[in-house]
Each structure stands twice: as C-alpha cells, then as structure tokens.
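Peer 1: With the input below, show me the fold.
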Amino acid sequence: GLRDLRGTVESWSVQTAKLQRECRDISREVLDDMSVPEQFLRELPEHARDVFRGEFDDIIRELSGNPQFTVQRYLTRKNLWDEHGALRLTTALEKAQLVWRARLHEENGDKRRRVWNFSKVDRTKTMHLMRSKADAAIRALRRAYPFMLHTELDEARIRYNTDI
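Peer 2: Predicted coordinates:
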C-alpha cells in the first residue's frame with residue numbers, strides 16, 4: 001500500500017535527480033564547445049581589473065597573491081556564499097579569463113619584445129596563474145551550485161549560436 005507507493009516515489013526522485021545531473025553535464029559540455037561570440041568579446045573591457053570593479057574588486061589580489069585561496073572562503077568572507085553571489089562571481093571570472101586569454105595572445109604575438117623583458121615574463125606567468133585559479137574557482141562554484149543559472153557568457157553563446 002502506502003509503503004510501496006513511498007518506495008516508488010523515492011525511486012522516481014532518485015532517477016529524476018540522476019537524469020537532471022546528466023542533462024546538466026551534457027548542457028555544460030555543449031556550451032563549452034560553442035565558440036565565444038564576437039559581439040561578446042567586443043564588449044569586454046581591456047583589463048580584467050575592470051571586470052571586477054565594485055563587488056569583487058579585491059579578487060585579483062586574492063588570486064595572484066594568496067596561495068591558500070578558495071572561492072568558498074572568499075565569498076563567505078564577503079557574505080555572498082549563495083547561488084546569486086556564485087553566479088555573479090562565475091560571470092566575472094569567465095569574462096576575466098577571456099580578457100587574460102586575449103592579452104596573452106597579444107603578448108605572445110608581439111614580435112618586438114626584448115629578450116630581457118622580465119616584467120613581461122612575470123606578467124605572463126601571473127596571468128597564466130590567475131587563469132588557472134579562476135578556472136578552478138569556476139569549477140568549484142559549479143560543483144557547489146549545480147543548478148546555478150546560466151552566466152552571461154553562456155547566454156551569449158546560446159543567443160548568438162549559429163549551429164542548427
């Protein structure tokens with residue numbers, strides 16, 4: 001009777017949650033495979049620090065200078081450890097990664113660089129380190145909030161997608 005019904009409902013709940021996770025993972029893979037729309041890239045600021053103005057203005061210092069940085073500790077300290085704070089930070093980190101990638105591409109393509117330009121080498125290493133830490137932070141946020149809404153980058157990829 002009632003026990004059988006409860007067991008059936010619990011089974012459906014487990015199966016539904018599993019299906020939801022699988023759909024989310026597929027959606028993430030599809031979005032990650034889509035190229036970044038040119039319109040979105042044109043709207044990015046020139047410097048990553050401009051992405052973080054205001055609410056996350058200290059994150060670059062944390063990413064580059066704090067070896068024990070964790071995104072959960074950072075957002076908890078700012079009283080933003082919730083899905084909305086995670087979404088805002090994920091959006092900002094994705095934009096910053098694109099800015100850093102563009103800057104690294106520009107610097108690697110600069111044929112006029114001098115052999116002994118140590119500050120440029122340090123800046124490049126720092127950008128690679130920050131991109132790596134930002135990527136880890138994004139993964140941690142997506143794990144912590146698996147049903148987080150789409151970021152601005154995700155929405156742009158969906159909106160400007162030409163693959164039909």
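Peer 1: What number of residues are in the vicinity of the closest residue to residue 134 other than its chain neighbours?
Peer 2: Closest residue in space to residue 134, ignoring its immediate chain neighbours: residue 93 at 4.5 Å, by CB to CB, 6 or more residues apart in numbering. Where C-beta positions appear, they are placed from N, C-alpha and C, glycine not excepted. For residue 93, the neighbour count with other CB atoms under 10 Å is 28.
Peer 1: now swap in residue 11 and tell me
Peer 2: Using other CB under 10 Å, residue 11 has 10 other residues around it.
Peer 1: who are the neighbours in contact with residue 128?
Peer 2: The contact partners of residue 128, taken as CB atoms under 8 Å, 6 or more residues apart in numbering, are residue 104.
Peer 1: make it 10 Å
Peer 2: Residue 128 is in contact with 100, 104, counting by CB atoms under 10 Å, 6 or more residues apart in numbering.
Peer 1: on that earlier part again, test my guess that the residue nearest to residue 134 contacts residue 152.
Peer 2: No: contact criterion CB atoms under 10 Å: residue 93 and residue 152 do not qualify, at 11.3 Å.
Peer 1: Chain neighbours aside, what residue packs nearest to residue 157?
Peer 2: Nearest to residue 157 is residue 34, by CB to CB, 6+ apart, at 4.3 Å.
Peer 1: how close does that neighbour sit to residue 15?
Peer 2: Distance, residue 34 to residue 15, using CB to CB, to the nearest Å: 29 Å.
Peer 1: more crowded one of these two?
Peer 2: Neighbours of residue 34 and residue 15, each counted by other CB under 10 Å, are more numerous for residue 34; the result is 16 against 10.
Peer 1: where are the low-confidence patches of this protein?
Peer 2: 107-121, 163-164 (pLDDT under 70).
Peer 1: Could I get the full set of helices for it?
Peer 2: Assigned by DSSP state H, the chain shows helices spanning 2-33, 38-42, 59-65, 71-77, 83-108, 118-144, 152-159.
Peer 1: that older thread, how about the residue nearest to residue 157, what does it touch?
Peer 2: Residues in contact with residue 34 (CB under 10 Å, 6+ apart) are 153, 154, 156, 157, 158, 160, 161, 162, 163.
Peer 1: what residues are up against the fifth one?
Peer 2: Translated: residue 158. 27, 30, 31, 34, 37, 150.
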